[in-house]
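K.L.:
got a predicted model here, sequence first, then my questions.
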Amino acid sequence: MAHKFILLLFLMLIIISCKTIELEEFYTYKTQMTHPLTYGGFFNNSTAYTVGRSGSAFVSHNKGESFTYGKNTAACLFGLDIISENQAWACGNLGNIIVTVDGGKIWKKVNDFGPKEPNHCRYLSFLDQQTGWIASPKLLASTQDSGKTWEPIKLPEQDTKISAIFLRSKKEGYLFDDYKGNLYITADGGQNWLTIATGEKAVQKQSQEGPTAIVRFKDTESGLIIFNNFSRDEKWVLIWTENGGKSWNKSKIAIPMGYIYLSKDNKIITITDSFGKMTAYKIDMFI
């Protein structure tokens, strides 16, 4: 009887660990974008922003049917965080950071952060117009004054490779290192870090122009990480926890290669490939 119980428990664990994520494609730009595009994302079913070469920034408020240019001055852009339909941040080469608060019509340049390519800024996570985190692969900083100043945050380990960031509150934040497979958590604005080994990592250390990983937490217990492990078999991997990282479940996601963006409500994944093709998927996320 005991053996049957153990077998049943084992099968239940297999079922949990093999949970699949159903993706529904709802938008594809099948040809080259008419504007320079390196990275883009949908905020909701209607609003999408894109950024690209020579500081190009565009917005659509009609489900991607058409895009409007946003006036700005910046170098090539590779990072994006959409706070609302009207507010978004972007960053990229030469440390250039821009922000819009009028729905993408005009982008204002704020203080620079980070070096030039290939170690440029590409990660952004903002709570609102004033408060957020910003990162390049080797640098992390915060602002509470809309980018007028950037306060450096010491990384948890000297050789940390930042692959994704997420600021959940003014003091609580997360870093993911895809090559080590480590999740780093702070509850005090980066003064101290908790290191959690997820057991999953990229097969090789990759240097990409844009984001290839996402980390999100609903609270201290429930969170997920999506990342490209750069293997032929798995590519995009999803791991999630419901106990603060003590244990992890895993699934694979069958979506194209490229740079990944996840909407604030965790319901839309956008992939931008190296040819400027942008594809968006609805996802039934569980956090």
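P.N.:
Arrived safely.
K.L.:
which non-adjacent residue is nearest residue 130?
P.N.:
Excluding its sequence neighbours, the residue lying closest to residue 130 (Cβ to Cβ, 6 or more residues apart in numbering) is residue 146, at 5.0 Å. (C-beta placed from N, C-alpha, C; glycine too.)
K.L.:
need the three-state assignment for the residue nearest in space to the middle of the chain.
P.N.:
Centroid check for the chain by Cα atoms, centre = their mean gives residue 214 as the closest residue, at 3.9 Å. Secondary structure for residue 214, judged by DSSP: H, G, I helix; E, B strand; the rest coil, is strand.
K.L.:
for it, give me its contacts.
P.N.:
164, 224, 225, 226, 227, 260, 261, 262 (Cβ atoms under 8 Å, 6 or more residues apart in numbering).
K.L.:
what's the pLDDT at it?
P.N.:
pLDDT for residue 214: 98.
K.L.:
ok, it to residue 225 distance?
P.N.:
Remark: distance between residue 214 and residue 225 (Cβ to Cβ, to the nearest Å) = 7 Å.
K.L.:
joint contacts of these two?
P.N.:
Residues touching both residue 214 and residue 225 by Cβ under 8 Å, 6+ apart: residue 164.
K.L.:
which residues of the stretch 151-287 of the chain fall in strands?
P.N.:
151-152, 164-167, 173-177, 182-186, 194-197, 213-217, 223-228, 236-241, 249-253, 259-262, 268-272, 278-283 (DSSP state E, counting those that start in this stretch).
K.L.:
which residue is the nearest non-sequential neighbour of residue 224?
P.N.:
The shortest distance from residue 224 to any non-neighbouring residue, by Cβ to Cβ, 6+ apart, is to residue 240 (4.1 Å).
K.L.:
go ahead and confirm the one you found touches residue 248.
P.N.:
Yes - using Cβ atoms under 8 Å, residue 240 makes contact with residue 248 at a distance of 6.9 Å.
K.L.:
dump the contacts of residue 214 to TSV, plus pLDDT.
P.N.:
Formatted as TSV, the contacts of residue 214 follow (pLDDT from 0 to 100):
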residue	pLDDT
164	98
224	96
225	97
226	97
227	97
260	97
261	98
262	97
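K.L.:
quick one: which of those residues is nearest residue 195?
P.N.:
Set against residue 195, the nearest of those by Cβ to Cβ is residue 225 (14.3 Å).
K.L.:
residues contacting the closest one?
P.N.:
Contacts of residue 225 (Cβ under 8 Å, 6+ apart): 164, 176, 183, 198, 200, 213, 214, 215, 216, 238, 239, 240.
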